[in-house]
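Enquirer: need a 3D model of the following:
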Amino acid sequence: QVQLVESGGGLVQAGGSLKLSCVASGRTFSSGAMAWFRQTPGKEREFVAAIIGSGGSTYYADSVKGRFTVSRDNAENTVYLQMNSLKPEDTAVYYCAAKVGFGVLSAWANYPYWGQGTQVTVSS
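Expert: Down below sits the predicted model:
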């Protein structure tokens, strides 16, 4: 059984930083994609960042490019999201997602595996 467990969320002031972690168990995703999405009440889940394959090519939403960094530790089957220069509009529940293979990375419906989410709140 595949499980994704996120950690690292919390409350931070605008301009601050947080690092999210997501540990996968049950299978490895070194040949697939691991991604971060976020969601606020009443809105659709939004793509944030993804990292693919063992080489670690990365992709970002325009809204976080230059501020967020996604990375992975294949040996630990873990993906990270370093979030710097946080803004109040980054406030959301952040979800880790994973899939085998690549395809359209920004479409949440393409990911069969999801974590439970971790709340990130950025105060102004």
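Enquirer: contact partners for the closest residue to Ser106 other than its chain neighbours?
Expert: Leaving aside its chain neighbours, Ser106 sits nearest to Phe47 (3.9 Å; criterion: C-beta to C-beta, 6 or more residues apart in numbering). Where C-beta positions appear, they are placed from N, C-alpha and C, glycine not excepted. Phe47 makes contact with Ala35, Phe37, Ala61, Leu105, Ser106, Ala107, Trp108, according to C-beta atoms under 8 Å, 6 or more residues apart in numbering.
Enquirer: for the second one, what is the enclosing helix or strand?
Expert: Secondary structure assigned from DSSP states H and E places Phe37 in strand 33-39.
Enquirer: next, the angle strand 33-39 makes with the next helix or strand after that strand.
Expert: Under the assignment DSSP H and E, the closest C-terminal helix or strand after strand 33-39 is strand 46-52. Comparing the axes of strand 46-52 and strand 33-39 via axes from the mean of the first three to the mean of the last three C-alpha atoms, to 10 degrees yields an angle of 170 degrees.
Enquirer: tell me how far the residue nearest to Ser106 lies from Gly26.
Expert: For Phe47, the distance to Gly26 (C-beta to C-beta, to the nearest Å) stands at 24 Å.
Enquirer: using JSON lines, please lay out the contacts of Phe47 together with pLDDT and neighbour count.
Expert: As requested, these are arranged in JSON lines below (pLDDT from 0 to 100; neighbours: other C-beta atoms under 10 Å):
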{"residue": "Ala35", "pLDDT": "96", "neighbour count": "27"}
{"residue": "Phe37", "pLDDT": "98", "neighbour count": "25"}
{"residue": "Ala61", "pLDDT": "98", "neighbour count": "16"}
{"residue": "Leu105", "pLDDT": "90", "neighbour count": "20"}
{"residue": "Ser106", "pLDDT": "91", "neighbour count": "15"}
{"residue": "Ala107", "pLDDT": "92", "neighbour count": "12"}
{"residue": "Trp108", "pLDDT": "93", "neighbour count": "16"}
